[in-house]
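> fold the following.
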Amino acid sequence: MNKLSITIITKNEEKNIERCLESVKWADEIIVVDSGSIDNTLKICEEHDCKIIKSKWLGFSLTKRKAVSYAKNNWILSIDADEEITTELKDKIGKILEKPKYNAYSIKRISYYLGNKIKHCGWNRDFPLRLFDKNFGNFNDKIVHESIVVDGKKGRIYQPMLHFTYPTIESHIKKMDQYSTLGAQTLFEKNRNSTILEAILRGFFKFIKMYFIQLGFLDGANGFVLCENSAIGVYLKYLKLWKLRK
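Residues are numbered from 1 along each chain as shown. Sure thing, here's the model as predicted:
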């Protein structure tokens, strides 16, 4: 059977990393690239016998690519510190690695927002590509919304991973500010323009799409907050782009 390397990037993830590492302790190796944690993240990783690499922050894609470069095995499972691999997914990956049919696999992801499972808002169709043979693919060079580019056929895994994103409103607002800044910078470098009106309209239509078209209203109050904050994040990205152009 093919051996598996887990890759994780971290910075001050003491609230998440224990759960994450416990869920992948069956893997052949766990590689953690840490970008300056000052909490107990590294101590917890050491207790789980992780291979720890300290690195300056290179952006999401390049930092994750660096983690892959330290893997001694060809097959990589890249996960985030706030994710957890279920027993069902573990067993499925084990069977796949006995005789892989594809060069990479997308995995169904179930996400929790403010501690509650989100069943709609577009999140129900979340299948990030995470399991891959590094001989055929790796992360792109985007500074935000990184993804894995793979040559050859890709498969899907329906046994889920769990994603405990944004446990508080404050954590979502902080990430929105970070991502909107990076997103605006990316658009600016592509010579894109924006206006205040465009920023407002893009935010408005983001809410309409998530809350009505993607049935976010069925997720109750948490669904409304998620859709509203996501819309604000889009508004901020294009508003910051407008400011950069000014």
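> and the gap between Gly183 and Tyr235?
Going from Gly183 to Tyr235 by C-beta to C-beta, to the nearest Å gives 11 Å. (Glycine included, C-beta is placed from N, CA and C.)
> for Lys154, same thing?
Distance, Lys154 to Tyr235, by C-beta to C-beta: 33 Å.
> more neighbours: which of the two?
Comparing Lys154 with Tyr235 by other C-beta atoms under 10 Å, the one with more neighbours is Tyr235, at 22 against 17.
> report whether the more buried one is found in a helix, as I expect.
Yes: according to DSSP: H, G, I helix; E, B strand; the rest coil, Tyr235 belongs to a helix.
> what's near enough to touch it?
Tyr235 is in contact with 199-200, 202-203, 206, counting by C-beta atoms under 8 Å, 6 or more residues apart in numbering.
> among these, name the buried ones.
199, 202-203, 206 (16 or more other C-beta atoms under 10 Å).
> reformat the residues you listed as JSON lines; add pLDDT, secondary structure and distance to Lys174.
Compiled in JSON lines, the buried ones among the contacts of Tyr235 are given as follows (pLDDT from 0 to 100; DSSP: H, G, I helix; E, B strand; the rest coil; distance: C-beta to C-beta, whole Å):
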{"residue": "Ala199", "pLDDT": "98", "secondary structure": "helix", "distance to Lys174": "20"}
{"residue": "Arg202", "pLDDT": "98", "secondary structure": "helix", "distance to Lys174": "21"}
{"residue": "Gly203", "pLDDT": "98", "secondary structure": "helix", "distance to Lys174": "18"}
{"residue": "Lys206", "pLDDT": "98", "secondary structure": "helix", "distance to Lys174": "19"}
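> want to throw these into CSV with distance to Asp91?
Listed next are the buried ones among the contacts of Tyr235 as CSV, based on distance: C-beta to C-beta, whole Å:
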residue, distance to Asp91
Ala199, 46
Arg202, 42
Gly203, 42
Lys206, 37
